[in-house]
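[1] Below are the sequence and a predicted model; questions follow.
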Amino acid sequence: MTTTQTPDATTQDGTYPRPQLMRPRWHDLSGTWDFAWDDAEEYEHDDVPFTRRIEVPFPPESPASGIHETGFHSRAWYRRTFGAAELQAAGSPTGADSDPGRVLLHFGAVDHAASVWVNGHLVATHTGGQTPFSADISHVVRAGGGEFTIVVRAVDLPSDVSTLRGKQDWREEPHTIWYHRTTGIWQPVWLEWVPPVSVESIIWRSDLTTSTVEADIELAGLVAGADSVDVTLTHGGETIAATTVRTMGERAVSVRLVIPRQLNGQQYEELLWSPSSPTLIGARISVQSHDPAAPPTDAVSSYLGLRSVATCEEGLLLNDRPIYLRSVLAQNYWPESHLAATAATLRREVELILELGFNTARIHQKVEDPRFLYWADRLGLMLWGETASAYAFDPKAIGALVAEWTAVLERDRSHPSIIAWVPLNESWGVQHISHDPRQRAFSRAIADLTRALDGTRPVISNDGWEHTDSDIMTIHDYDADPAALAERYGNAEGLQRMIRGFGPAGRRMSAEGGEARTPRPVMLTEFGGVSLETGDSSDWGYSTAPDAESFEKQVSAILLTVGSAKPLSGFCYTQLTDTGQETNGLLYADRSPKFPVDRIRAAVRG
């Protein structure tokens, strides 16, 4: 991308890989790269025999990559070159080695452990397959040479159950609810030029009761050259708040702004974010040097949403108003590209969910691309943020989840669309939580860590059953009988008895010694899972309908029954699309509906 004006982040086109911290120019390195497997682990960065080509950022297991090999592979190598033209496209004023700024090489996500070399120099290592990392390659660029070669090694042990796998199968062939693996690069790779002093990160918080916005801003580079940071908030082309803060030579700068318009109670709601009115507030952050006559050393654009999330016994409160969650389980997996997706595909996925009548999606066992989160922010789709699970409980798995989950919260907690956090699902990775005090301690600890890093959203300590410290009591129930569901969830007293004992899956709803808490909302966060019979013996669902007419009747009855259960504060239907052999979607894998969209919407909306 090559524009010269700082873009309006609230109306961006959805292609920028980091939508809440935008600069005018960047260069996308997606496209054709050299590629090689290295299952024998015999090569180093300078002797790999690159004999194949891959389309980045699609994983090599996917058809879109051009490789499409789904077997066990533990190591992959990538290579591509760039030069002065790419540096200038990324924002470098000259594209030359005399440039005073810094050149950053960004990776959206590489599964699982990555090492990166440029012109033979090791510039970055990173562990964690769902979170971004960057390399400052300025020293390599300044060394000159005109052409620069990137080499990436991705190590992803296919059957290691102590890594955060999510739905990636540890067996060679997919089975039941697990799918083909995603190895290596699966989110954008891009170049960015930044000035000598630059904005590295921004975290937004809003307080509706005081009509204030707070920003934690991290600076990078030659911070001594910065004098102050200016922050301006806008809406509809109008400035609604602005302030300047002296840096005092520090990298971390905290800013607090009062929005005068919000002090008027009669127009208080005009700027709030909600599904029915997903208002985004634009932001411009500029770093000023000590020379008042000089232009800003850096200028970036961002956005935020003004909203609050809380819980009470009756349900979820958005902006202090009750809101019923009509959610769908979204695994965001595509037949052609697996976990990866184009910018247009990510936008369309958000639009589809809204068209079906849902107001929320639970992104399941995956940390989604920030461009998806942008469209959820902009179009008004609420999200539950989740992460991939490990399947073992050991020091390696504990460390992996703590490290990666912390990075996920750092990356995503400024998105207004995310209204809840789910660090654990169905006791995956803590399989003996009801009997093992260490596993209960870990569940409580990861929930408390989440609250310590972000105290603005509800946390579900273990979605589905065996809760230890959840702000919402969530239940998973795949009973296909609407009458049984009505009996189970239509009576508040009976529902509370179940919550105090064993749930429909035969698991305790609260882990031993957990959940001694005041009443909280109850939601059915997995149910349905009806598969439409196709005659393929590998197809899988929690229950099966023999034909399209029966499928519509069964799905509609289940949705209407659960949606009318008064004690519930919301639901999450399984699932949005057929995924691999799990053919229990409302949509086929190609995103075409199994019955007309207007009738799906009617069942969802009740």
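    That came through, no problem.

[2] Helices of the stretch 201-350 of the chain, start to end?
    Taking DSSP state H, counting those that start in this stretch, the helices of the stretch 201-350 of the chain run over residues 343-355.

[3] Kindly report the same for the chain.
    Using DSSP state H, the helices of the chain run over 84-89, 138-142, 343-355, 370-379, 395-412, 437-453, 482-489, 492-499, 548-563, 597-605.

[4] tell me the domain ranges of the protein?
    31-187, 197-207+209-304, 309-605 (automatic domain parsing).

[5] For the last one, measure first residue to last.
    Across domain 309-605, the straight-line distance between its terminal residues is 22 Å, by Cα to Cα, to the nearest Å.

[6] Where does pLDDT dip in the stretch 201-350 of the chain?
    293 (pLDDT under 70).

[7] repeat for the chain
    Checking the chain against pLDDT under 70 turns up 1-4, 95-99, 293, 513-518, 537.

[8] coming back round to it: wait, which of the domains of the chain is closest to residue 12?
    Residue 12 sits nearest to domain 309-605 of all those, at 7.1 Å, using Cβ to Cβ. Backbone N, C-alpha and C define where each C-beta goes, glycine included.

[9] What's the local residue count around residue 320?
    Counted by other Cβ atoms under 10 Å, the residues lying close to residue 320 total 13.

[10] Wait, it touches residue 307, no?
    No - if you go by Cβ atoms under 8 Å, residue 320 and residue 307 don't touch, sitting 9.9 Å apart.

[11] As a check, name the ranges of all strands in the stretch 1-150 of the chain.
    Counting by DSSP state E, counting those that start in this stretch, the stretch 1-150 of the chain has strands at residues 27-28, 31-37, 52-56, 75-83, 102-107, 110-111, 113-118, 121-127, 133-136, 147-155.

[12] Show me what the fourth one pairs with in its sheet, parallel or antiparallel.
    In other words, strand 75-83. Sheet pairing of strand 75-83 (DSSP bridges) gives strand 31-37 (antiparallel), strand 147-155 (antiparallel).

[13] before we move on, what about the fifth one?
    With DSSP bridges as the test, strand 102-107 is paired with strand 133-136 (antiparallel), strand 189-194 (antiparallel).

[14] Turn those strands into JSON lines, columns for mean neighbour count and distance to residue 565.
    Listed next are the strands paired with strand 102-107 as JSON lines, based on neighbours: other Cβ atoms under 10 Å; distance: least, Cβ to Cβ, whole Å:
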{"stretch": "strand 133-136", "mean neighbour count": "18", "distance to residue 565": "44"}
{"stretch": "strand 189-194", "mean neighbour count": "23", "distance to residue 565": "47"}
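
[15] Now the phi/psi pair for residue 308, please.
    phi -130, psi 150 (degrees, to the nearest 10).

[16] Name the nearest residue to it, ignoring sequence neighbours.
    What sits nearest to residue 308 in space, not counting adjacent residues and going by Cβ to Cβ, 6 or more residues apart in numbering, is residue 208, at 5.0 Å.

[17] does that neighbour really touch residue 274, like I thought?
    No - the criterion here is Cβ under 8 Å, and residue 208 misses it with residue 274 at 11.8 Å.

[18] Looking only at neighbour counts, state which of the two leads.
    residue 274 (19 against 16).

[19] Just grab the bridge partners of the more buried one for me.
    residue 277.

[20] Leaving out chain neighbours, which residue sits closest to residue 71?
    Nearest to residue 71 is residue 172, by Cβ to Cβ, 6+ apart, at 6.1 Å.
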